[in-house]
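Engineer: structure for the following, please:
(chains A and B)
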There are 2 protein chains.
Amino acid sequence: MTPTSLELVTEELDLVEQEMLEPDPGRCEPVDGAIAHLVRSGGKRVRPRVTLLVCRLLGTDCQRVIFLAAAVETLHTATLVHDDIIDGALVRRGVPTLNASWSPGATILTGDYLFARAADLAARTGDVSVMQLFAQTLMTICNGELHQLLADRRPPIDRSEYLRRVYAKTGALFVLAAKASGVLAAAGDEVLGHLHTFGRELGIAFQIVDDLLDFVGSESQVGKPLGSDLAQGLVTLPVICFLEQYPNDDRILSALYGASKAEHVAMALQAIRNSEAVKQTRDEALRHVMRAREAMLNLPDNRFRQALLDLADYSVQRQL
Amino acid sequence: MTPTSLELVTEELDLVEQEMLEPDPGRCEPVDGAIAHLVRSGGKRVRPRVTLLVCRLLGTDCQRVIFLAAAVETLHTATLVHDDIIDGALVRRGVPTLNASWSPGATILTGDYLFARAADLAARTGDVSVMQLFAQTLMTICNGELHQLLADRRPPIDRSEYLRRVYAKTGALFVLAAKASGVLAAAGDEVLGHLHTFGRELGIAFQIVDDLLDFVGSESQVGKPLGSDLAQGLVTLPVICFLEQYPNDDRILSALYGASKAEHVAMALQAIRNSEAVKQTRDEALRHVMRAREAMLNLPDNRFRQALLDLADYSVQRQL
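Structural biologist: As a prediction, this is how the structure comes out:
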């Protein structure tokens, strides 16, 4: 993101963080600490940035959008807490996860509490449509995760199935971030349609790049061990592209499902890194960014729109 | 509950169950089955009964209260799914829990999905105040569970601490069931205050009786092994009453924290069953039922009010 784009909503992002850190007298002290830790290690705030920029782009600037942005980011945090316990991940963004030091029970309940906080923040927008979008987004996310967990995960998984999964995992929350902000700004159906497309395509691109970084990033950039998806038996786009070209290469299946996984994961990682799959995956991400840009170009031309276009470009350029 | 009271909202309860079972095309098939199983083994529907009866008592009868009652019961179901995985409970209401056969990940996500469904149902009431109550109730429940999990659980735990915990665990959801129904019926602050008291006191009484049944019920009535709370190191009111009278009896501490627990739990169970603690616990539950009744007697006198009074009486009479 360019410095100008980054600076556009700095003050509002501070307010969002304040909302996320707002004390709750009903909470016990260890949970206060855990939530402060989670919020402060919160990454680049891409989702609340989208929410704040969309609202400004549409010419409104209200307290309610702060609640919405905080709800979106808190919902994101809640899903990460449960993802990490489900995956047994011990590190995220370079820092230990909650489940690395807390019991499963306390971790599950802290995630639940964050879902409740997110719902409370969404309710504070005072907008029933926003609440409905919020609840349906969480349903989509959970359904996507459950599909991924319960479905047969062996290849062949085709691109369309992968894209459906990636939409549920990340696209839906970006739709909430963009579209609910339009709802608060009282935008009409056409604008909401463009915001929906922008959120969906940006979210999909974002997740594809995340999945690619698991192969071509560095551990310090990614904040967790490379090859984590492969090690968990999770088929992502780089694997799909690789298998499209080399359907009989058994290094991938060994890495996904074989014994002595660490060694096989390292071999598969190397094979994919050296293949066309990297460029093909990046091209797919770029296609989605282009669609996000196209949708955004239907909206009023101002510096907030430019910041959102920059943010879309950043989503594929980061760390590649 | 008397037959008349039971029959008053039978049709509405069917509609509530239909809402809870409403298909979601985004859900994968195993989750459909799990949710149908959870909904159909759903017990006596005390909470949605309260919601439906309060609305009728206040002279309104709208579709929106069906959504609210379904939201309340779905939220209850979601918390049970996570409770059971946290406690490692394999049986509830005499049937296997979800975590008895599913992986922890799939169980956590199914609970999360049910939270989202509950939020969606609450949003369908179209009432922002209901949404806020809903979100704050879930925060209270999670905070209560986290206190219970993270706080020092060794005795002495006094009655006031126990009652705070029981309010968070069960009272808060009964408040939502009663008060949010009043909100939908456009009740004034005074009526909402009485509904709040009714829900809180009824919920507390209900949980005290649940905790007592863990000592004096039969396994077929309780639907899970007796002494489960003791075995988990959880101090409930019968234990508190017993220790008030016999502070130096080490059978309780051995059951809560000692080795070879099964034997010690059986001994402690027997000691408490034979003590005054049973009557003292029941008296505490009765005091809360009386307060619930008193609050209810401020509301209009009709057959729906009578059904709610019956329901309060039932909450202490059941299986004792």
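Engineer: what's near enough to touch the residue in the stretch 151-300 of chain A that chain B sits nearest to?
Structural biologist: Nearest to chain B, among the residues of the stretch 151-300 of chain A, is A:Ala151, at 6.6 Å (C-beta to the nearest C-beta). C-beta coordinates here come from the backbone N, C-alpha and C atoms, glycine included. For A:Ala151, the contacting residues are B:Cys28, by C-beta atoms under 8 Å, 6 or more residues apart in numbering or on different chains.
Engineer: any idea which helix or strand carries the residue lying closest to A:Met296 once chain neighbours are set aside?
Structural biologist: Using C-beta to C-beta, 6 or more residues apart in numbering or on different chains and skipping the chain neighbours, the partner closest in space to A:Met296 is A:Phe198 (5.1 Å). Assigned by DSSP states H and E, A:Phe198 belongs to helix A:189-216.
Engineer: next one: that helix to chain centre, how far?
Structural biologist: Relative to the chain's own centre, helix A:189-216 is displaced by 9 Å; criterion: C-alpha atoms, centre = their mean, to the nearest Å.
Engineer: I figured the residue nearest to A:Met296 hits A:Ser181, correct?
Structural biologist: No: with the criterion set as C-beta atoms under 8 Å, A:Phe198 and A:Ser181 do not qualify as a contacting pair; they are 10.7 Å apart.
Engineer: tell me the mean pLDDT over the helix holding A:Phe198?
Structural biologist: Mean pLDDT, helix A:189-216: 97.
Engineer: buried ones in it, by neighbour count?
Structural biologist: For helix A:189-216, the buried set under the neighbour-count rule, 16 or more other C-beta atoms under 10 Å in any protein chain shown, comprises A:191-192, A:194-216.
Engineer: for the spatially most central residue of chain A, what are its contacts?
Structural biologist: Chain A has A:Thr170 as the residue nearest its centroid, 4.4 Å off, counting by C-alpha atoms, centre = their mean. The neighbours of A:Thr170, taking C-beta under 8 Å, 6+ apart as the test, are A:Gly203, A:Ile204, A:Phe206, A:Gln207, A:Asp210.
Engineer: where exactly do the strands run in chain A?
Structural biologist: In chain A, strands defined by DSSP state E lie at A:91-92, A:95-96, listed in chain order.
Engineer: mind listing the strands the last one pairs with, and their directions?
Structural biologist: Strands adjacent to strand A:95-96 in the sheet, as given by DSSP bridges, are strand A:91-92 (antiparallel).
Engineer: run the chain-centre distance for the strand it pairs with.
Structural biologist: Averaging C-alpha coordinates over strand A:91-92 and over its chain gives two centres that are 15 Å apart (C-alpha atoms, centre = their mean).
Engineer: what's the answer for stretch A:296-311, then?
Structural biologist: For stretch A:296-311 - counting by C-alpha atoms, centre = their mean - the centre lies 21 Å from the chain centre.
Engineer: who's in contact with that stretch?
Structural biologist: With contact meaning C-beta under 8 Å, 6+ apart, stretch A:296-311 is reached by A:1-2, A:4-5, A:8-9, A:46, A:49-50, A:53-54, A:56-59, A:190-191, A:194-195, A:198, A:202, A:293, A:312.
Engineer: first vs last residue of that stretch, how far apart are they?
Structural biologist: Start and end residues of stretch A:296-311 are separated by 11 Å (C-alpha to C-alpha, to the nearest Å).
Engineer: how about it: buried residues?
Structural biologist: With burial defined by 16+ other C-beta under 10 Å, the residues of stretch A:296-311 counted as buried are A:Met296, A:Leu299, A:Phe304, A:Arg305, A:Gln306, A:Ala307, A:Leu308, A:Leu309, A:Asp310, A:Leu311.
Engineer: also stretch A:274-291?
Structural biologist: A:Ser275, A:Ala277, A:Val278, A:Gln280, A:Thr281, A:Arg282, A:Glu284, A:Ala285, A:His288, A:Val289, A:Arg291.
Engineer: so which of these would you say is closest to B:Glu73?
Structural biologist: Taking C-beta to C-beta as the measure, B:Glu73 lies nearest A:His288 of those, at 39.9 Å.
Engineer: now the closest one. Nearest residue, chain neighbours left out?
Structural biologist: Using C-beta to C-beta, 6+ apart, the closest residue to A:His288 is A:Ala205 (3.9 Å).
Engineer: so the one you found makes contact with A:Ala285?
Structural biologist: Yes: applying C-beta under 8 Å, one finds A:Ala205 in contact with A:Ala285, separated by 4.6 Å.
Engineer: who touches both of these two?
Structural biologist: When contacts are counted by C-beta under 8 Å, 6+ apart, the set common to A:Ala205 and A:Ala285 consists of A:Ser315, A:Val316.
Engineer: in chain A, what residue sits furthest out from the centroid?
Structural biologist: Farthest-out residue of chain A from its mean C-alpha position, per C-alpha atoms, centre = their mean: A:Asn248, at 32.3 Å.
Engineer: which residues touch that one?
Structural biologist: A:Asn248 sits in contact with no residue, where contact means C-beta under 8 Å, 6+ apart.
Engineer: where's it relative to A:Leu234, distance?
Structural biologist: In this view, A:Asn248 and A:Leu234 are 21 Å apart by C-beta to C-beta, to the nearest Å.
Engineer: repeat for A:Asp14
Structural biologist: Going from A:Asp14 to A:Leu234 by C-beta to C-beta gives 36 Å.
Engineer: next one: A:Lys44
Structural biologist: Between A:Lys44 and A:Leu234 the computed distance is 23 Å (C-beta to C-beta).
Engineer: neighbour count for those two, which is higher?
Structural biologist: Legend: neighbour count by other C-beta atoms under 10 Å in any protein chain shown for A:Lys44 and A:Leu234, higher for A:Leu234 (18 against 13).
Engineer: is it correct that that one is in contact with A:Glu145?
Structural biologist: No: the pair A:Leu234 / A:Glu145 is not scored as a contact, 11.3 Å apart, by C-beta under 8 Å.
Engineer: where does the stretch 101-250 of chain A have low pLDDT?
Structural biologist: The model of the stretch 101-250 of chain A has pLDDT under 70 over residues A:152-156.
Engineer: quick one: the helices in it, in order.
Structural biologist: In order along the chain, the stretch 101-250 of chain A carries the following helices (DSSP state H, counting those that start in this stretch): A:104-123, A:128-150, A:159-166, A:172-184, A:189-216, A:219-222, A:228-231, A:237-245, A:250-257.
Engineer: want to try CSV for the ones you listed, with distance to A:Met20 as columns?
Structural biologist: Conversion of the helices of the stretch 101-250 of chain A to CSV gives the following (distance: least, C-beta to C-beta, whole Å):
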stretch, distance to A:Met20
helix A:104-123, 8
helix A:128-150, 15
helix A:159-166, 26
helix A:172-184, 15
helix A:189-216, 20
helix A:219-222, 24
helix A:228-231, 26
helix A:237-245, 31
helix A:250-257, 37
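Engineer: tell me which of the ones you listed sits most buried.
Structural biologist: With neighbours taken as mean count of other C-beta atoms under 10 Å in any protein chain shown, the helices of the stretch 101-250 of chain A reach their highest mean count in helix A:172-184, at a mean of 27.
Engineer: what's the angle between that one and helix A:159-166?
Structural biologist: What separates the directions of helix A:172-184 and helix A:159-166 is an angle of 60 degrees, with axes from the mean of the first three to the mean of the last three C-alpha atoms, to 10 degrees.
Engineer: using PDB, write out every CA atom in helix A:172-184.
Structural biologist: The C-alpha trace of helix A:172-184 is given here as PDB (Å, rounded to 0.1, in the frame of the first residue of the first chain):
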ATOM      1  CA  ALA A 172     -17.400 -13.700   2.500                       C
ATOM      2  CA  LEU A 173     -15.800 -11.600   5.200                       C
ATOM      3  CA  PHE A 174     -14.400  -9.100   2.700                       C
ATOM      4  CA  VAL A 175     -17.900  -8.900   1.200                       C
ATOM      5  CA  LEU A 176     -19.200  -8.000   4.700                       C
ATOM      6  CA  ALA A 177     -16.400  -5.500   5.100                       C
ATOM      7  CA  ALA A 178     -17.200  -3.700   1.900                       C
ATOM      8  CA  LYS A 179     -21.000  -4.200   1.500                       C
ATOM      9  CA  ALA A 180     -22.100  -3.600   5.000                       C
ATOM     10  CA  SER A 181     -20.200  -0.300   4.900                       C
ATOM     11  CA  GLY A 182     -22.300   0.600   1.800                       C
ATOM     12  CA  VAL A 183     -25.400  -0.300   3.700                       C
ATOM     13  CA  LEU A 184     -24.500   2.100   6.500                       C
END
